[in-house]
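In: generate coordinates for the sequence data below:
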Amino acid sequence: MSNQSVQTVSTSNDKFKVALAVVAVIAGVVGFFYLTGQNKPALVAAGALLAGLVFAVLLLWTSATGRDFLSFAKESVRETKKVVWPTRREATQITGIVFAFVVVTAIFLWGTDKVLEFLLYDLVLGWKN
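Out: Numbers count the residues shown, from 1 in each chain. Alright, predicted model coming up:
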């Protein structure tokens, strides 16, 4: 184990690029809804949204923070491909076990409630239904 401290060095230029990328995404979303409200074709509105997103990704790609984030996203996708997912049969069996446990728990709680209701209302308080 190393005891080296990790320092994040970010220039004001990188911060400006990230802020500008956020503004580009917001502008794309606002443009999408504005064009949709103006009864423009859906393709034009989607193009505005896509343009804002593409411009934001390009801006992020030019900053160190953005490159780090995009490489983290790629690594995350790579790691999810390594996960061993259950087969359809295993997933169905596990789901069945969960449902059975829920039904058994519900019956137990209902029975406990009825027993306590009988003890409290009928025997202790003497209130007959």
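In: when you work out contacts or count neighbours from here on, use the C-alpha atoms and nothing else.
Out: OK.
In: run through the residues that contact Ala42.
Out: Applying CA atoms under 8 Å, 6 or more residues apart in numbering to Ala42 gives the contacts Thr36.
In: so how far is Val124 from it?
Out: Counting by CA to CA, to the nearest Å, the gap between Ala42 and Val124 amounts to 70 Å.
In: then Gly66?
Out: For Gly66 relative to Val124 (CA to CA), the value is 69 Å.
In: between those two, which is the more surrounded one?
Out: Gly66 (21 against 10; other CA atoms under 10 Å).
In: so that one sits right up against Phe72, yeah?
Out: No: shown here, Gly66 and Phe72 do not form a contact pair, counting by CA atoms under 8 Å, at 9.7 Å.
In: count the neighbours of Ala73 for me.
Out: With other CA under 10 Å as criterion, Ala73 counts 12.
In: just the element for it, please.
Out: Applying DSSP states H and E as the criterion places Ala73 in helix 64-81.
In: cool, Leu58 as well?
Out: Assigned by DSSP H and E, Leu58 belongs to helix 42-61.
In: mind listing what's buried in that helix?
Out: Applying a neighbour-count criterion of 16 or more other CA atoms under 10 Å, one finds 45-46, 48-57, 59-61 buried in helix 42-61.
In: and Phe101, how far is that from Arg89?
Out: Taking CA to CA, one finds Phe101 at 18 Å from Arg89.
In: show me where pLDDT drops low in this structure?
Out: By pLDDT under 70, the low-scoring segments of the chain are 1-10, 128-129.
In: if you set the cut-off to 90 instead, what comes out?
Out: 1-19, 35-42, 45, 57-71, 73, 85, 120-129 (pLDDT under 90).
In: state which helix of it is the longest.
Out: helix 88-117 (DSSP state H).
In: check the offset of the helix or strand hosting Phe32 from the chain's centre.
Out: For Phe32, the host element (DSSP H and E) is helix 12-37. Relative to its parent chain, helix 12-37 has a centroid offset of 22 Å by CA atoms, centre = their mean, to the nearest Å.
In: could you do stretch 63-75 as well?
Out: 19 Å.
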